[in-house]
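> Sequence first, predicted coordinates after that:
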Amino acid sequence: MVNYLSSYLVMACIYAMLALSLNMQWGYTGLMNFGIGAFYMVGAYTSAILCGLPSPEHLGGFHLPILMGMAGAACMAGLIAYLVAIPALKLRGGPFAIALLAIQETFFLIIKNESWLTNGVWGIRDIPQPFFSLVNPRFYVFIYLIIAIVALTLTYLSMERAVNSPWGRVLRAIREDETLTDMSGKDCFNFRRQSFVFSSMVAGLAGAVYVHYTGFVSPQTFSPLMSTFLVWLMVMVGGTGNNRGVILGAFLVWGVWVGSDFITNLVPASVATQIGFIRMFLVGIILTVTVLTRPQGLLTQKLSNIQLIEEEKHA
Amino acid sequence: MTDLVDLLISGLVYGSIITVGAIGLTLMSDILDFFNFAYGDFFTLGAFTTLAFLSVVPGQGTFAGLSFGWSMVLAVLLAALVTVMVMLAFDYLFFRRLRNMGVSSLFMSIASLGVSFIIRSIIFMIWGPKVRYYSSEVQLSKEFLGISIRPDNLFILLSSLLLVAAVYYFLKSSRIGKALRSVSDNKALAQASGMQPSLMIMCTWIICGILAGVGGTLFGIQVQLNPNMGWNFLIPMFVAVIMGGIGSFWGALIGGMTIGITEELVTGLIQNLVTAMELQINVSAYKPAVAFIFVIVILLLRPYGLFGKPQFNLKR
């Protein structure tokens, strides 16, 4: 039971990192990224290829240290985000979301079809796990929980630092009124790109943290529902534009997701096979109920716009 | 050469189905003022309700070499009715309340994702993840004017063109159609001249529901039915809408046809090239990428789409 709880917490930490990343894009900059999962996936595969053991089936087996794999994952996700941003950030709002949705679809197809690179649907196994030899494998999840919490804390602190800095204020200004920010002499495209690349790097890092936990990666983990829309749900439930809120949202939503496992044990087998669809249904219901009853999410933004203006005056 | 003609025909058929969807979507994005991500799942709903009605409506046999008979026509009409009802129910229970809350259109788009998941999961629960077909027989191509085409595809092409023409006629000549176009032109002015917004929104849902029900069924005839079909179809439909310019009828028509033909031609020709080079790459798996590149290029050249109105700033 404690093991179960710990593995829930590890995954919740990873999802919380993703939710923080999306929150910087949607909550602070107003970028409607429906393809956040693509960067999570790129990070996961980069770290798997960099750190994995040599294998004849796919590229990789560089067997680098795990920290280098994580750095590589963040850099690769950032690089791809930089390249994607050049055309995609010319779009805004709905078209931007559709472009990112198409990008996610394309990356998903590449990972699934190009087996020389990623071993296709069979996935990459035997990815090294940090400090694995130190303890009994049964208690390994506790070690990893510490790693995941450290990663989440570092992400949270750097995100808070970023969004409360003058740089973060520009992002919020872009979210509220891009034309006005442009006229105030800020290079909006550049700021949006910086926000996009930085948060995509965080998503890539989350992917790396994920693969070194499971030791195995395959495309199924990165279906749009699991890797993108679940994260969107976390942000919407937790509170758009509030970093603590989205972490809370991640823990709650992941709790519901894992909790639906218990339903499987209670209901007859014929219903239990439909658990995946019931989960999808739950995602839909939670999202619709949230937007109707609490559109701001559980925790609201710390500063309203008027307070923000007041703060600027005093500063 | 025959290869090229075959690709062109399958592109035309695919494009005509995209067009049917895109016209509904462009109308909806314009009058309801948000990108409805649940639209693809209404497509799936239409296709599956046709399948359900097909097993209960009387009338066996086929006609004119098609793989289905008159029962299909009846089933499609009933399915379109059901799709309209479901759409209106969701509008009443959900979208209407959001509109009254006065949320932004981006927020509405995200909220529509919730509806999308609800519909899709219910379809999954009822029909299961298995791929289904309306008819199990394999259809052979026939020669028409020296071009070989499957009768089913010809039927899809003709009926979707007929449907598009009917919608055009409706928008052009009927009282409600004119009102809809005036709302699309200038919302405030239309409202001041006595157009009821709630009535206009209901009409939009009805037109979109009919188009989704019929379009989904046509898509099901052309390929196969699976609960994810509409969701995957969303990207080409949206690309057609954005490319043509939001709210533009002709834009959706030209956009849909162009996307359909380009996807088939580009992937088909590159596949031929790759096979000639003896490489083992499945190019057709990358169809969504073609649509994506397309929309980027078009929007860089013409930021409001081909026929878009400048006040439809892309910032929605």
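Cool, the structure landed. Numbers count the residues shown, from 1 in each chain, chains lettered A, B, ... in the order given.
> Do a quick rundown of the helices in the stretch 201-315 of chain A.
A:224, A:230-238, A:243-266, A:269-272, A:275-293, A:305-314 (DSSP state H, counting those that start in this stretch).
> Contact residues of the stretch 101-250 of chain A facing chain B?
A:101-103, A:105-106, A:109-110, A:112-113, A:178, A:225, A:229, A:232, A:236 (C-beta under 8 Å from any C-beta of the partner chain). Backbone N, C-alpha and C define where each C-beta goes, glycine included.
> got any ranges where the chain has weak pLDDT?
Using chain A here. Along chain A, the model assigns pLDDT under 70 to residues A:272, A:302-315.
> my bad, the chain I had in mind was chain B
B:1-2, B:58-65, B:137-146, B:279-282, B:284, B:288, B:309-316.
> residues contacting A:Ala208?
Contact partners of A:Ala208, counting by C-beta atoms under 8 Å, 6 or more residues apart in numbering or on different chains, are A:Gly43, A:Ala44, A:Thr46, A:Ser47, A:Gly69, A:Met70, A:Gly72, A:Ala73, A:Ala74.
> Helix or strand: which one has the second one?
Mapping A:Ala44 onto the secondary structure by DSSP states H and E places it in helix A:36-51.
> Tell me which of the helices of the stretch 201-315 of chain A lies nearest to B:Pro129.
With C-beta to C-beta as the criterion, B:Pro129 lies closest to helix A:275-293 of the helices of the stretch 201-315 of chain A, at 8.3 Å.
> B:Ser148: what secondary structure?
Following DSSP: H, G, I helix; E, B strand; the rest coil, we place B:Ser148 in the strand state.
> Roughly how far does the spatially closest residue to B:Ser135 that is not a sequence neighbour sit from chain A?
Nearest residue to B:Ser135, sequence neighbours excluded (C-beta to C-beta, 6 or more residues apart in numbering or on different chains): B:Ser67, at 4.0 Å. B:Ser67 is 30 Å from chain A, where distance means C-beta to the nearest C-beta, to the nearest Å.
> for B:Ser67, helix, strand, or coil?
Assignment for B:Ser67 (three-state DSSP): coil.
> A:Ser21 contacts A:Val197, correct?
No - here A:Ser21 does not reach A:Val197: they are 11.1 Å apart, not a contact under C-beta atoms under 8 Å.
> These two: who's more crowded?
Neighbours per residue (other C-beta atoms under 10 Å in any protein chain shown) separate A:Ser21 from A:Val197, with A:Ser21 holding more: 29 against 19.
> That one is in what secondary structure piece?
helix A:2-22.
> How about that helix, which residues are buried there?
A:6-22 (16 or more other C-beta atoms under 10 Å in any protein chain shown).
> and the residue of the stretch 201-316 of chain B found nearest chain A, how many residues sit next to it?
At 3.7 Å from chain A, B:Phe292 is the closest residue in the stretch 201-316 of chain B, using C-beta to the nearest C-beta. Neighbour count for B:Phe292, taken as other C-beta under 10 Å: 23.
> Name the nearest residue to it, ignoring sequence neighbours.
Using C-beta to C-beta, 6+ apart, the nearest residue to B:Phe292 is A:Ala102, at 3.7 Å.
> How about A:Ile80?
A:Val42 (5.6 Å).
> wait, the one you found sits on A:Gly204?
Yes - between A:Val42 and A:Gly204 there is a contact under C-beta under 8 Å: 6.0 Å.
> Mutual contacts of these two, please.
A:Ala73, A:Met76, A:Ala77.
> Of the residues you listed - the most surrounded one?
With neighbours defined as other C-beta under 10 Å, the most crowded of those is A:Ala73; it has 33 neighbours.
> immediately after the helix or strand where B:Thr26 lies, which helix or strand?
Following DSSP H and E, the helix or strand that holds B:Thr26 is helix B:2-31. Heading C-terminal from helix B:2-31, the first helix or strand you meet, by DSSP H and E, is helix B:39-54.
> any idea of the angle the helix or strand following that next one forms with helix A:275-293?
Remark: after helix B:39-54, the chain's next helix or strand is helix B:70-90, criterion DSSP H and E. For helix B:70-90 against helix A:275-293, the angle by axes from the mean of the first three to the mean of the last three C-alpha atoms, to 10 degrees is 40 degrees.
> Which other helices and strands does helix B:70-90 contact?
Here helix B:70-90 touches helix B:39-54, helix B:197-222, going by 3 or more C-beta pairs under 8 Å, 6 or more residues apart in numbering or on different chains; DSSP states H and E.
> Which of the residues in it are classified as buried?
Buried positions in helix B:70-90, judged by neighbour count with 16+ other C-beta under 10 Å: B:71-72, B:74-84, B:86-88, B:90.
> same check, this time on stretch B:154-164
Those would be B:Leu154, B:Phe155, B:Ile156, B:Leu157, B:Ser159, B:Ser160, B:Leu163, B:Val164, for stretch B:154-164 by 16+ other C-beta under 10 Å.
> Just flag the most distant two among these.
Going by C-beta to C-beta, the pair spanning the buried residues of stretch B:154-164 furthest: B:Leu154 and B:Val164, at 15.9 Å.
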